[in-house]
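K.L.:
below is the sequence, then the predicted model.
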Amino acid sequence: VRPHLLEGEEMLSSLRHGRSLFAKASAPTVLGARKMSGKPQDDDDSPLHPWSGSKLPPLRIRAKGAYVIQNPLFNKGTAFSYPERDRFGLRGLLPPRRIAMNVQKQKVMANLKALSSDIERNVYLANVCDNNETLFHALLLEEIEYLAPIIYTPTVGLACQEFGYRFQRPRGMFISALDRGHMHAALANWPQPDVHVIVVTDGSRILGLGDLGAYGMGIPIGKLALYVAAGGIAPHRVMPVCLDVGTDNEGLLADPFYCGIKQNRIRGDEYFELVDEFLDAVRHKFPNAFVQFEDFSSDVAYDILKYYRNQQDTTRKPICVFNDDIQGTGAVTFAGLMSAMISRGDPAEKLTDERILIAGAGSAGMGVAHMILAGMVKMGATKEQAAQRFVVVDKEGPLHKDRSDHLTKQQKVFARDDLPLGASLLQVCASFKPTILMGLSAVGGIFTEEVVREVAKHVEHPFIF
């Protein structure tokens, strides 16, 4: 029987009970026996009932001996029972006392809380995951509220900046410009044959930190850990990828610990050809995989998403793609706006009457703006009418037609000429009188009390995101 990882509730239950992750395709049944359900079939007073582990299929792995405890997918530390130690050839390779998974989780939590900073906790959890994924994911399931900010934002930003300094053990696939013409062979080296979800970054716009090159790998790793915990995706069915095309970050080019290729970032046709070769390799190796583009800079993110979303090359099999910064953030924010309209007592369609000020013109800002604009068009406004309901501000002031030479195609949709060039956020609030204020910039502290009070002068119940 080919082993496979448990999915959904079966996997979550298996992790909570500290069981290893591989399972038989089906549990054996006794010939001639009737299938048991959760309730007695004939007699409500029957003393028989399904045993406590009846909903968990038997688990089978082919590894033996030290390989079991050296492979983080199989390893569960000292939680192996003595019958398991005999079957897997582990006698003498582990301390004699069996320490259950719940006790191991208590130990990890005690060690985490003894550390002085979240970056130290992030590093400690990475070491736990590198040695025992069963323990790591079981703990993450139970302590998701406490651990999510440590594994992902905001701590992951600093983890990416220090990625080379703290690097010990590779996770995921590092595909670079040096693999040009050999990406199919590179993906063939991935040890798991059944990948369902791929998160890929080119490191060009990591959170609000800019170009971090290969150090951006921390983002796919952290995001996929949350997908396993929150989405029930089996750990062996996810693959983090860094598409390393160089970096324009001079600090990284001079960093002796930098683990990416030390050259300036490839751009233009050469860049898009590398992206296409990688996705073509995914198409052949993992034809059913879902690919999420993560933290690509806005000058390429829209073009990549549009090309593969619309499958403009009809000679190749379509591939499922998604950009979280553009589509995910936009969809959630638009849903929040419609809910806010309804909670105020207005129909959602009245959104077309609102004046929206967005601080931030990167991938997230443009993704949200275009999602809301598309919603307004579906509500009956023309694209031009909807665009006039927006002002988008970046560090140089509102997007202005006099700055068109420096704006992307997506930003030009919201360029205006009726506001002063280089106006501050406060000045824009006083002039445009927004009813909705949204912060989609990595810069903190820009919504000062003065800005919020200025917005409140012009509307009784402003929406501030």
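P.N.:
Noted; the coordinates are in hand.
K.L.:
now the element after the biggest helix by length in the chain, going C-ward?
P.N.:
Determined from DSSP state H, the single longest helix within the chain is helix 268-285. Remark: after helix 268-285, the chain's next helix or strand is strand 290-293, criterion DSSP states H and E.
K.L.:
so what's the gap between the following helix or strand past that next one and the chain middle?
P.N.:
Under the assignment DSSP H and E, the closest C-terminal helix or strand after strand 290-293 is helix 298-309. On the basis of C-alpha atoms, centre = their mean, to the nearest Å, helix 298-309 sits 18 Å off its chain's mean C-alpha point.
K.L.:
re the thing from before, what helices or strands is the longest helix of the chain leaning on?
P.N.:
Applying 3 or more C-beta pairs under 8 Å, 6 or more residues apart in numbering; DSSP states H and E, one finds that helix 268-285 contacts helix 183-188, strand 238-244, helix 298-309. Every residue, glycine included, has its C-beta placed from N, CA and C.
K.L.:
let's have those in JSON lines, adding mean pLDDT, mean neighbour count and distance to residue 359.
P.N.:
As requested, these are exported to JSON lines (pLDDT from 0 to 100; neighbours: other C-beta atoms under 10 Å; distance: least, C-beta to C-beta, whole Å):
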{"stretch": "helix 183-188", "mean pLDDT": "96", "mean neighbour count": "16", "distance to residue 359": "39"}
{"stretch": "strand 238-244", "mean pLDDT": "97", "mean neighbour count": "25", "distance to residue 359": "30"}
{"stretch": "helix 298-309", "mean pLDDT": "89", "mean neighbour count": "18", "distance to residue 359": "15"}
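K.L.:
nearest spatial neighbour of residue 142, chain-adjacent residues omitted?
P.N.:
residue 105 (6.9 Å; C-beta to C-beta, 6 or more residues apart in numbering).
K.L.:
what packs against the host helix or strand of that neighbour?
P.N.:
Under the criterion of DSSP H and E, residue 105 resides in helix 101-114. Counting contacts by 3+ C-beta pairs under 8 Å, 6+ apart, helix 101-114 packs against helix 118-131, helix 133-142.
K.L.:
what helix or strand is residue 64 on?
P.N.:
Counting by DSSP H and E, residue 64 is found in no helix or strand.
K.L.:
hmm, it is touching residue 91, no?
P.N.:
No - with contact defined as C-beta atoms under 8 Å, residue 64 does not reach residue 91; the gap is 11.8 Å.
K.L.:
strands of the chain, residue ranges please.
P.N.:
4-5, 22-23, 173-176, 197-201, 238-244, 290-293, 320-323, 356-359, 390-394, 397-398, 436-439, 463-464 (DSSP state E).
K.L.:
on that earlier part again, neighbouring contacts of the helix holding residue 105?
P.N.:
17-18, 76-79, 121, 124-125, 128, 132, 134-135, 138-139, 142-143, 150 (C-beta atoms under 8 Å, 6 or more residues apart in numbering).
K.L.:
please repeat the previous calculation with a cut-off of 10 Å.
P.N.:
Outside of helix 101-114, the residues within contact range by C-beta atoms under 10 Å, 6 or more residues apart in numbering are 15-19, 76-79, 99-100, 118, 120-122, 124-125, 128, 132, 134-136, 138-139, 141-143, 146-147, 150.
K.L.:
tally of neighbours for the spatially closest residue to residue 164 that is not a sequence neighbour?
P.N.:
Excluding the flanking residues, the one nearest residue 164 by C-beta to C-beta, 6+ apart is residue 257, at 3.6 Å. The burial count assigned to residue 257 is 12, neighbours taken as other C-beta atoms under 10 Å.
K.L.:
quick check: the gap between residue 257 and residue 163.
P.N.:
Using C-beta to C-beta, to the nearest Å, residue 257 is found at 9 Å from residue 163.
K.L.:
need the residues touching each of these two.
P.N.:
With C-beta under 10 Å, 6+ apart, residue 257 and residue 163 have common neighbours residue 215.
K.L.:
residue closest to the middle of this structure?
P.N.:
Centroid-nearest residue in the chain, with C-alpha atoms, centre = their mean: residue 223, separated by 3.2 Å.
K.L.:
which non-adjacent residue is nearest that residue?
P.N.:
residue 199 (5.2 Å).
K.L.:
what's opposite that neighbour in the beta bridge?
P.N.:
residue 240, residue 292 (DSSP bridges).
K.L.:
before we move on, back to that, possible to save the strands of the chain as JSON lines with distance to residue 374?
P.N.:
What follows is these, written out as JSON lines (distance: least, C-beta to C-beta, whole Å):
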{"stretch": "strand 4-5", "distance to residue 374": "37"}
{"stretch": "strand 22-23", "distance to residue 374": "43"}
{"stretch": "strand 173-176", "distance to residue 374": "33"}
{"stretch": "strand 197-201", "distance to residue 374": "25"}
{"stretch": "strand 238-244", "distance to residue 374": "28"}
{"stretch": "strand 290-293", "distance to residue 374": "19"}
{"stretch": "strand 320-323", "distance to residue 374": "15"}
{"stretch": "strand 356-359", "distance to residue 374": "13"}
{"stretch": "strand 390-394", "distance to residue 374": "12"}
{"stretch": "strand 397-398", "distance to residue 374": "21"}
{"stretch": "strand 436-439", "distance to residue 374": "16"}
{"stretch": "strand 463-464", "distance to residue 374": "19"}
